[in-house]
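1. Need coordinates for the following:
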Amino acid sequence: MPARRPANPAPKLSPLKLIAPWLDTLAIAAWGLLFFKLWFTQELFLLIHPNYMWLTIVAGVILLIFAGFEGVRVAKRRRYFSTASHTTILLPSLGSSLLLVVAILGLLISPRAFASDMALQRGVNETLRDTRSNPESFRANRKPEDRTLIEWVRTLNVYPEPDAYNGQAADVIGFVVHPESMPANYFVVTRFVITCCAADAYPVGLPVRVESTVDRANFKPDQWVQVEGQMITEELEGQRQLVIASNKITPVDRPKKPYDY
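-> The predicted structure follows:
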């Protein structure tokens, strides 16, 4: 009997052909993991308003579930891609590859909070773009020394006359910004406010007067400080402004939630 010819060995697939069917699954799973990583490390506070965090968590769950179903579907197919079919998946694979790379970068690189350079670019001011303040709450329910920096700004939105606050105690926390237009013995204590996400974050702050230029030099831009003092009215940059005349400035660690809402 003639010897049977051995079956042709299966063609060896290139790494691209082996990985390509799984790119969609990997990209979807990576984004789901990224959402959970940002939530678990509390870095999500640097990116979106807390009111929307539950949406991110739900999205992460949905993405991981969908990635599981997609992985099962790909595993069941387990067929080789022909040259023609491989050509048709090049574009989808490219898109999935980009999504996967971005997700991996997000897993490896931690987001950073906005600081003084961004505050100077966007312009620090004493007003909020959208104030939902209740005027009575400032008069009856909050002592001046208990107000946060954002509460002082909201108070000024409602009662914009600086002289009304002369002599009131202030105790606020924020990071240092050194505007070039201000005298050497002033800096601005600043916080960013988020209404939806980091893309719409904007800085607000109050000028702080220190005793001398040496004191200001001790507090570098981006340094977080607690400022204690009294409110006074001074003319800065051609307009009357509420200023904190500092009695004590203490360096502090950056809060876990550096933005206000």
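
2. Quick check: buried residues in the strand or helix carrying T56?
-> Using DSSP states H and E, T56 sits within helix 53-77. Buried residues in helix 53-77, counted by 16 or more other C-beta atoms under 10 Å: M53, T56, G60, L63, L64, A67, E70, G71. Placement of C-beta: from N, CA and C, glycine included.

3. Same check on stretch 180-199?
-> Using 16+ other C-beta under 10 Å as the test for burial, stretch 180-199 gives M182, Y186, F187, V188, V189, T190, R191, F192, V193, I194, A198.

4. Could you state which residue of the chain sits nearest its centroid?
-> Residue closest to the average C-alpha location in the chain (C-alpha atoms, centre = their mean): L46, at 2.6 Å.

5. Contacts only, for that one.
-> The neighbours of L46, taking C-beta atoms under 8 Å, 6 or more residues apart in numbering as the test, are P111, R112, A113, A198, P258, Y259.

6. List buried members of those by neighbour count.
-> So, by 16+ other C-beta under 10 Å, the buried ones in the contacts of L46 are A113, A198, P258, Y259.

7. any idea how far S96 is from the third one?
-> Meaning P258. Remark: distance between P258 and S96 (C-beta to C-beta, to the nearest Å) = 34 Å.

8. can you check I48 too?
-> Taking C-beta to C-beta, one finds I48 at 25 Å from S96.

9. Then P144?
-> Relative to S96, and taking C-beta to C-beta, P144 is found at 56 Å.

10. repeat for W224
-> The gap separating W224 from S96 is 41 Å, by C-beta to C-beta.

11. got a list of what P162 touches?
-> Counting by C-beta under 8 Å, 6+ apart, P162 has contacts L156, M231, T233, R240, Q241, L242.

12. and which of those residues is nearest I249?
-> M231 (15.4 Å; C-beta to C-beta).

13. helices and strands around the host helix or strand of the closest one, which ones?
-> Here M231 sits within strand 224-236, counting by DSSP H and E. Packing contacts for strand 224-236, counted by 3 or more C-beta pairs under 8 Å, 6 or more residues apart in numbering; DSSP states H and E, involve strand 169-177, strand 186-193, strand 202-209, strand 239-251.
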